[in-house]
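# Below are the sequence and a predicted model for it; my questions follow.
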Amino acid sequence: MTSTGHLDLREIDACLFDVFGTVLDWHSTVTRQVAPLSKGLLLEGSQDADDFAEEWRAGYYAYVKKVSQGGEGTVNADIMHRQILDDMLTTPHWSHLVDVWGDSDREELTMIWHN
């Protein structure tokens, strides 16, 4: 900024925006599309579908926080989502989905937020 208080746009190198969750509606996409992929185990609009999306998203925030504080992990959101999904499916709450979702199904799930 100059001494007169005006912003000199020539001094700006980059203008960044975080649009994940603002422009992109990750939650609704996941809760809507996870139902048909679950072969009836998670119904669209159900509390389970909502809980699944919420837990997956909470895992994302925890993962990003860990990596931003110098912890091990990737910064690739797709790899992150897949690792979190795989971890979720080892928990008692979601382990019944392991038999439904093979590797290709999990890959499709990981990418549904791109839709």
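Cool, got the structure. Residues are numbered from 1 along each chain as shown.

# And the contacts of the lengthiest helix in the chain?
In the chain, assigned by DSSP state H, the helix with the most residues is helix 47-68. Helix 47-68 is contacted by residues 26-27, 30-31, 34-35, 38, 41-43, 72-75, 77, 80-81, 83-85, 87-88, 93-94 when judged by C-beta atoms under 8 Å, 6 or more residues apart in numbering. All C-beta spots, glycine's among them, are computed from the backbone N, C-alpha and C.

# so after that helix, what's the next helix or strand?
Using DSSP states H and E, the helix or strand that follows helix 47-68 in sequence is helix 77-88.

# For the protein, which element, helix or strand, carries the lowest mean pLDDT?
helix 26-37 (a mean of 88; mean pLDDT, DSSP states H and E).

# buried stuff in it?
Neighbour counts using 16 or more other C-beta atoms under 10 Å place Trp26, Val30, Thr31, Arg32, Gln33, Val34, Ala35, Leu37 of helix 26-37 among the buried residues.

# Please report phi then psi for the residue nearest to the fourth one when sequence neighbours are not counted.
Right, Arg32. Leaving aside its chain neighbours, Arg32 sits nearest to Glu44 (6.0 Å; criterion: C-beta to C-beta, 6 or more residues apart in numbering). Dihedral angles of Glu44 (phi, psi; degrees, to the nearest 10) stand at phi -60, psi 130.
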